[in-house]
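Q: the amino acid sequence is not available; the structure is as follows:
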Ligand code: IYR
């Protein structure tokens, strides 16, 4: 039996269905948690991609994982535009680099530039054309029906942030590298990708395998006891 296609549920009465996930034994849960912790700690934001093709189905599956994220009022206020076309990727790179030149030349301000210094980033964005895929994530600031009706969406930033977290986790665990890139300003993406007026760019995520000579900044993560407060 296939699940029915999603339709807006605005104003619909509550209906419950039973939820009985398999009870995972603690030993299995502990092993999975430790393994996930180790594997996720291997994730790095990658800015140097190989041009090698990646299995598109991994990316589609990862987007489906992202779209299973919880969201405000279950409104699922996200759109993932998968850009494969090299010409479009070149246009996105050109527009992003034009903005970043202004940003790095001073628009960001000294404090921000100092915060970025350890990352070694600059206005060159080769990852936007080297990576075989770009996932451009849009947040739906409000619901827009085909007939032009609009309705509010709630907790859009939080919802889309959670979805992107799940997306990069799924990509990483499937062996692909990614970067959550936020060229600023990003409005040009609406035009280049022909998005409707309710959508606002959230991030551009190049996806692929790391280049053979890939390097990442030498950074240290906060330890658990630096981020965890137990009461
Ligand atoms: N958007 C710029 C600057 C930048 C900002 C932050 I905050 C970063 O974590 C990294 C970069 C860029 O993409 O270079």
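A: Thanks, I have the structure now. Please read these numbers as outputs of a predicted model, since none were measured by experiment.
Q: centroid-nearest residue for this protein?
A: Centrality entry for the chain: nearest residue to the mean C-alpha point is residue 164, 3.4 Å, by CA atoms, centre = their mean.
Q: and that one, how far from residue 180?
A: The spacing between residue 164 and residue 180, counted by CB to CB, to the nearest Å, is 6 Å. Where C-beta positions appear, they are placed from N, C-alpha and C, glycine not excepted.
Q: who touches both of those two?
A: Here residue 164 and residue 180 have 203, 205 as joint contacts, going by CB atoms under 8 Å, 6 or more residues apart in numbering.
Q: circling back to that earlier point, any idea how far the residue nearest to the centre of the chain lies from residue 170?
A: Shown here: residue 164 relative to residue 170, a distance of 11 Å by CB to CB.
Q: what sits in contact with each of the two?
A: Looking at what touches both residue 164 and residue 170 (by CB under 8 Å, 6+ apart), the common residues are residue 66.
Q: pLDDT score assigned to residue 1?
A: The predicted structure scores residue 1 at 65 on the pLDDT scale.
Q: from residue 57, how far out is the residue nearest to the centre of the chain?
A: Note on residue 164: its distance to residue 57, by CB to CB, is 20 Å.
Q: what do you get for residue 73?
A: For residue 73 relative to residue 57 (CB to CB), the value is 31 Å.
Q: could you do residue 213 as well?
A: Computed with CB to CB, the distance linking residue 213 and residue 57 is 28 Å.
Q: quick revisit: ok, the residue nearest to the centre of the chain touching residue 181?
A: No - applying CB atoms under 8 Å, one finds residue 164 not in contact with residue 181, separated by 11.2 Å.
Q: related to what we said a few turns ago, show me which of residue 73 and residue 57 is the more surrounded one.
A: Neighbour count, other CB atoms under 10 Å: between residue 73 and residue 57, residue 73 has more, with 14 against 9.
Q: residues from the chain in reach of the ligand?
A: If contacts are counted using CB under 6 Å from any ligand atom, the residues of the chain sitting beside the ligand are 100, 103, 116, 119, 121, 181, 182, 183, 184.
Q: for the nearest residue in space to the second one that is not next to it in sequence, helix, strand, or coil?
A: With CB to CB, 6 or more residues apart in numbering as the measure, residue 184 is the residue that lies nearest to residue 103, at 6.3 Å, once sequence neighbours are left out. Using DSSP: H, G, I helix; E, B strand; the rest coil, the three-state assignment for residue 184 comes out as coil.
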